[in-house]
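Participant: mind looking at a prediction? Sequence and model below.
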Amino acid sequence: MKILVVGQGGREHTLVWKLAQSPLVEKIYCAPGNPGIAKIAELIPMPDRFTELADWAESQNIALTVVGPEAPLAEGIVDVFSERGLKAFGPDKRGAYLEASKDFAKQLMVKNGIPTAEHQTFTDAEEAMAYVEDRDAPVFVKANGLAAGKGVMPGRTFKEALQAVTTILVDRAFGEAGDSVVIEEELIGEEASFTVLTDGTYCLPFVSSQDHKMSHDGDTGKNTGGMGAYSPAPVITPELHDDVMQRIVYPTVNGMAAIGRPFKGVLYVGLMITDAGPKVVEFNCRFGDPEAQVLLPRLKSDLVPLLMACIDGTLEQHANVQWHDAAAACVVMASGGYPDPYQTGIVITGLEDADAIEGVTVFHAGTKQNGETIVTDGGRVLGVTAMAGGLRDAIQQAYKGVSAIHFDNAHVRDDIGYRALKRS
Ligand code: AMP
Ligand code: GLY
C-alpha cells in the first residue's frame, strides 16, 4: 500500500522510518518532510488547504495517511479525509480539542475524577491576578490554546505570575490561543510521558518514556519542545502503569466518547508522579517529539496494522503487540540560542559517520537541503537516537553519534537520561 505522512520534524522522520520497515508498504510520501525523510520517502509540498491534499491522496490511491503534529489535527485534517472515505490516522477536530483547549481538558478531568492540578480559567487579567494573590503559592500560567509549546509559564512568584498573565491576556503574545488562561497549582514530582494508541474504546499502551523539556543540564534554562528522551523510564513501575491506565487513560477515553467526542489516535498523557500518585500535566493528541524517536524504534510489531486498527475500531485484536527489550535514548542537537532566536543555514557534517555507529540512527528535525550539503533550518535540528541492551549503553552510543556530527554553535544537553541512571 501507499502511505502519506504529514509533518516535517523528528517525530515524522521516525514515523516514516518505522512505516518503511512494514512489508505491507510499497511507497511512502511525506508532506512536506525534510532531507532525512527524503532518503526513504518521496516529498510532496504541503498545500494550503487540506482538501487539496485529500484530492492528491485520492488521485494517488493513498491507503493510509498518518498525521504527525497537533496543529493540522486540531484544524480538522482527519475530518476532511474521513468525509472522502480516506483513512487518516489521528483524532478528528472534536477529539483533538483535548490538546487544543487546556480549559476543555481540565473540565473533562474534573468531570471524570481524573487526577490533575487544581485550576481556574480566566479571560480577565485582573481576576486572574486576584486569584494568584489569594492562592499565595507557586502556579503555572497557561495559554488555553495551541501555542507551539511556548504557552506554558511558571509563576513561582507573584511578579512572575503577573508577567505571565500580562504576556498572555494583555500583550496577546499567542493571539487567539491566549483568549483565556488556565492557572493551576504547581505539581511537585518527576515527569513521565505515557503514550497509548486508542480506537476510541480500547487502549494499547506503549512502553514508557521520559523527555527533557528544559534547555540546559540539570533541568535549568528555558522550556523547549524537548532536548532528548529515553525509554524505558523506570519511574513508571508496573503498578504505576496499571494505575495510570485505570485512573487516567480509560476515564479520559471513555469520558470523550460519553460526550460525543470519540478519541482515536495517539493519546499522550504528560504525567507528574507526585507523592499523592500520578497526576495529569497535559494531554496531547499525537506522539511526543522527541518521545517518538525512542518509542517507535522499540516497537517490534508492524506499525501499519496498529494504526489501521485504530481507525477501524479493532485495536483490541492487537493486544499482544511485541516490543524490543533493548533501551533507546535520543539526544537532540539544537541550534545555539534555541528556544530563543537562533541562526539557520549552518552546514552540518558527519551525518553519515554518526549513522554508521552501531545502534545509532540520526533523525532529522530542522534541516534543509542546500545543493550538496545539509544545513540547519530550525531550533531542534537532529535527534541522534541509539538502541542498546541497557539504557546506559544506549545513552553512551547516542552521545558517540553526537560527537561524530558537527555544526557551528550546536547546543546539546550532556545529561540525557540522568534520572534513570541515578535509579540504576
Ligand atoms: P505543558 O506544555 O503543559 O507540557 O507544560 C510544559 C512543562 O511545564 C511541563 O512539561 C512541566 O514541566 C511544566 N508544567 C506544566 N504544568 C505544570 C504544573 N501544574 N506543575 C508543575 N509543572 C508544570
Ligand atoms: N516532548 C513534548 C511534546 O511532544 O509535547
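Facilitator: Looks like it came in fine. From a predicted model like this one, the values you see are computed outputs, not experimental measurements. Ligands and ions are numbered 1, 2, ... in the order given.
Participant: wait, Ser215 sits on Pro339?
Facilitator: Yes: if you go by C-beta atoms under 8 Å, Ser215 and Pro339 touch, sitting 6.3 Å apart. No exception for glycine: its C-beta is placed from N, CA and C like everyone else's.
Participant: any residues in contact with both of these two?
Facilitator: Lys222, Asn223, Thr224 (C-beta atoms under 8 Å, 6 or more residues apart in numbering).
Participant: nearest to ligand 1 among the residues you listed?
Facilitator: Minimum distance to ligand 1 across the shared contacts of Ser215 and Pro339 is 5.5 Å, recorded for Asn223 (C-beta to the nearest ligand atom).
Participant: quick one, what contacts Asp92?
Facilitator: Gly76, Val78, Asp79, Ser82, Lys264.
Participant: and the second one, how far from Leu295?
Facilitator: Read that as Val78. With distances taken as C-beta to C-beta, to the nearest Å, Val78 is found 21 Å from Leu295.
Participant: same question for the fourth one.
Facilitator: Look at Ser82 and Leu295: by C-beta to C-beta, they are 26 Å apart.
Participant: and this structure, which residues reach ligand 2?
Facilitator: Contact residues (C-beta under 6 Å from any ligand atom) of the chain with ligand 2: Asp211, Gly225, Gly226, Asn284, Gly288, Asp289, Glu291.
Participant: the first one: how many residues sit nearby?
Facilitator: Taking other C-beta atoms under 10 Å as the neighbour definition, Asp211 ends up with a count of 26.
Participant: contacts only, for it.
Facilitator: Applying C-beta under 8 Å, 6+ apart, the residues near Asp211 are Glu191, Ser193, Gly226, Met227, Gly228, Ala229, Gly288, Pro290, Glu291.
Participant: look up phi and psi at the first one.
Facilitator: It stands for Glu191. Dihedral pair for Glu191: phi -90, psi 150, per degrees, to the nearest 10.
Participant: these two touch, right, it and Val269?
Facilitator: No: if you go by C-beta under 8 Å, Glu191 and Val269 don't touch, sitting 10.8 Å apart.
Participant: quick revisit: which of the residues of the chain next to ligand 2 fall in helices?
Facilitator: Cross-referencing the residues of the chain next to ligand 2 against helices under DSSP state H gives Glu291.
Participant: CSV for the shared contacts of Ser215 and Pro339, including distance to ligand 1 and neighbour count?
Facilitator: CSV is the format used below for those (distance: C-beta to the nearest ligand atom, whole Å; neighbours: other C-beta atoms under 10 Å):
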residue, distance to ligand 1, neighbour count
Lys222, 11, 12
Asn223, 5, 15
Thr224, 10, 22
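Participant: now, among the residues you listed, which is nearest to Gln317?
Facilitator: Nearest to Gln317 out of the shared contacts of Ser215 and Pro339 is Thr224 (C-beta to C-beta; 38.3 Å).
Participant: so who does the closest one touch?
Facilitator: Contacts of Thr224 by C-beta under 8 Å, 6+ apart are Gly149, Lys213, Met214, Ser215, Ala334, Tyr338, Pro339, Gly379, Arg380.
Participant: quick revisit: which one among the shared contacts of Ser215 and Pro339 gets closest to ligand 2?
Facilitator: Checking the shared contacts of Ser215 and Pro339 against ligand 2 by C-beta to the nearest ligand atom gives Thr224 as the nearest, at 8.6 Å.
Participant: that closest one and Arg413: what is the separation?
Facilitator: 10 Å.
Participant: any shared contact partners between the two?
Facilitator: Shared contacts of Thr224 and Arg413, counting by C-beta under 8 Å, 6+ apart, come down to Ser215.
Participant: next up, the contacts around Leu108.
Facilitator: Leu98, Ile114, Thr252, Gly255, Met256, Ile259.
Participant: what residues of the helix or strand encompassing it count as buried?
Facilitator: Assigned by DSSP states H and E, Leu108 falls within helix 102-111. Residues of helix 102-111 classed as buried by neighbour count (16 or more other C-beta atoms under 10 Å): Lys102, Asp103, Phe104, Ala105, Lys106, Leu108, Met109.
Participant: for beta bridges, what are the partners of the nearest residue to the fifth one once chain neighbours are set aside?
Facilitator: Translated: Lys106. Spatial nearest neighbour of Lys106, chain neighbours left out: His119 (5.2 Å); criterion: C-beta to C-beta, 6 or more residues apart in numbering. With DSSP bridges as the criterion, His119 is bridged to Glu184.
Participant: ok, His119 to ligand 2 distance?
Facilitator: 19 Å (C-beta to the nearest ligand atom, to the nearest Å).
Participant: that residue touches Glu186, doesn't it?
Facilitator: No: the criterion here is C-beta under 8 Å, and His119 misses it with Glu186 at 11.3 Å.
Participant: quick one: end-to-end length of stretch 41-58, please.
Facilitator: 18 Å (C-alpha to C-alpha, to the nearest Å).
Participant: which of the residues in it are buried?
Facilitator: Ala41, Leu43, Ile44, Met46, Phe50, Leu53, Ala54, Trp56, Ala57.
Participant: likewise for stretch 121-128?
Facilitator: Buried, per 16+ other C-beta under 10 Å, within stretch 121-128: Thr121, Phe122, Ala128.
Participant: dump these to a markdown table, plus secondary structure and distance to Asn61.
Facilitator: Below are the buried residues of stretch 121-128 laid out as a markdown table (DSSP: H, G, I helix; E, B strand; the rest coil; distance: C-beta to C-beta, whole Å):
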| residue | secondary structure | distance to Asn61 |
| --- | --- | --- |
| Thr121 | strand | 45 |
| Phe122 | strand | 49 |
| Ala128 | helix | 51 |
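Participant: more neighbours: Ser82 and Leu295, which one.
Facilitator: Neighbour count, other C-beta under 10 Å: between Ser82 and Leu295, Leu295 has more, with 28 against 15.
Participant: I'd guess the more buried one is in a helix, am I close?
Facilitator: Yes: assessed with DSSP: H, G, I helix; E, B strand; the rest coil, Leu295 lies in a helix.
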